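Asks: Here you go, sequence then predicted model.
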Amino acid sequence: MDRMAPHSARIDALPPPRDRLRKPVPPCIAALLGLVRVLLGYAKDLDRILPDRSDCPQFPTLALGFGTHDMRRILGHVQRGILRAMMLQRFLLARAAQGRDIEPTPPPGPAEQDDIERLEIKLRTPVRPSTEKMPRARRIDPDHPSHFYMPTLKELEAQVRRRSVGRTIAEICADLGVWSTVCDGGFWSEITRALTQFGGNFAEFFDIRERRKKTFEKERQLRPDTWTSGLRDEPREAVRQLLGYVLGESPPRGPPAPQLLTD
């Protein structure tokens, strides 16, 4: 399939997930499926609503999570997040159909005394620093437009199978600009619990957040006339006015009322 095809065509090409499972859904997969379905619904709302909302006063609050106000780049991330969430959903359904749950990773505990005593520390001879300066490898910003990559469906399926569920959820959240500011407290706790228990990396996840925040501020300074609202406004309320709800709340049946977007 052409990875540059419109995202609606790419999604339509996916076979529909099974409506029913013959076996009871294992408990951990049931919780993860609930989380993924909420993220997928939110992603589809972003894809539907955002193209007509870039001029709204509340838009910068949501755009901050993507690191740019550029609608084309934002929708590229959203579309990748939709496909990634759909692949994760199919993966979880397939495991559930086999009756195979995904066990949470136990938190690390204190080292046993016997393990400490068996630990061998090997001291290495210090290496003399070279007088020649080695060139530093250039750090690649994955959010830069020139480095954005839309995987094929086959590549996405392989990534979901190979990576931990927590890492895939973190990637979906990053693609959808999902941080605590767009969630209600309960749903954000569900996300952090999924990352913690199923192999997500919090340090990497929040590094993305900080990097995008800095990029967004630089872009904001270069284009001051573009922004019509302050970023210090209450973010959840701004998102509610823009989309009609925040993650974890029941979405409205239709788009937000026009008067909410002009207040």
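Replies: Structure's in. What do you need?
Asks: all contacts plus neighbour counts: C-alpha atoms, from now on.
Replies: OK.
Asks: mind listing the helices for the stretch 1-150 of the chain?
Replies: For the stretch 1-150 of the chain, the helices defined by DSSP state H, counting those that start in this stretch cover 7-12, 27-49, 59-63, 71-97, 113-118.
Asks: Can you list the helices and strands that the second one packs against?
Replies: Right, helix 27-49. Helices and strands touching helix 27-49, as assessed by 3 or more C-alpha pairs under 8 Å, 6 or more residues apart in numbering; DSSP states H and E, comprise helix 71-97, helix 185-197, helix 235-243.
Asks: between the first one and helix 27-49, how big is the angle?
Replies: With axes from the mean of the first three to the mean of the last three C-alpha atoms, to 10 degrees defining the directions, helix 71-97 sits at 150 degrees from helix 27-49.
Asks: Ok, the last one next?
Replies: Counting by the same axes, to 10 degrees, helix 235-243 points 60 degrees away from the direction of helix 27-49.
Asks: Quick one: mean pLDDT over helix 235-243.
Replies: Mean pLDDT, computed over helix 235-243, is 91.
Asks: Kindly provide the distance from Arg80 to Val239.
Replies: Per C-alpha to C-alpha, to the nearest Å, Arg80 is found 21 Å from Val239.
Asks: Please read the previous query as pertaining to Pro151.
Replies: As judged by C-alpha to C-alpha, Pro151 and Val239 stand 29 Å apart.
Asks: between those two, which one's more packed in?
Replies: Neighbour count, other C-alpha atoms under 10 Å: between Pro151 and Val239, Val239 has more, with 21 against 15.
Asks: thinking the more buried one is in contact with Tyr245, fair?
Replies: Yes: with contacts counted by C-alpha atoms under 8 Å, Val239 reaches Tyr245, the gap being 6.8 Å.
Asks: Does Phe59 touch Arg53 like I think?
Replies: Yes: applying C-alpha under 8 Å as the test, Phe59 and Arg53 come out as touching, 6.7 Å apart.
Asks: So between these two, which is more surrounded?
Replies: Shown here are Phe59 and Arg53; by other C-alpha under 10 Å, Phe59 has more neighbours (23 against 15).
Asks: Quick one: closest of the helices and strands packed on helix 27-49 to Lys218.
Replies: Comparing the helices and strands packed on helix 27-49 against Lys218 with C-alpha to C-alpha, the closest turns out to be helix 71-97 (16.4 Å).
Asks: Could you list the low-pLDDT ranges of the stretch 51-200 of the chain?
Replies: Across the stretch 51-200 of the chain, the ranges flagged by pLDDT under 70 are 107-147.
Asks: do that again at 90, thanks
Replies: 53-58, 60-61, 69, 103-151, 181, 185, 200 (pLDDT under 90).
Asks: which phi and psi does Leu247 have?
Replies: For Leu247, the backbone dihedrals (degrees, to the nearest 10) come out as phi -60, psi 130.
Asks: All the helices of the stretch 151-263 of the chain, residue numbers only.
Replies: With DSSP H, counting those that start in this stretch as the definition, the stretch 151-263 of the chain shows helices at residue ranges 153-162, 165-175, 185-197, 202-222, 235-243.
Asks: Report the buried residues of the first one.
Replies: The neighbour-count criterion (16 or more other C-alpha atoms under 10 Å) identifies 153, 156-157, 159-160 as the buried residues of helix 153-162.
Asks: Closest to Pro106 out of these?
Replies: Val160 (21.2 Å).
Asks: contacting residues for the closest one?
Replies: Contact partners of Val160, counting by C-alpha atoms under 8 Å, 6 or more residues apart in numbering, are 84, 87-88, 91, 168.
Asks: Got a ChimeraX select line for the buried ones in these?
Replies: Buried residues within those, by 16+ other C-alpha under 10 Å, are selected in ChimeraX with:
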select :84,87,88,91,168
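Asks: wait, doesn't Ile102 sit right on Ala30?
Replies: No: taking contacts as C-alpha under 8 Å, Ile102 lies outside contact range of Ala30: 10.0 Å.
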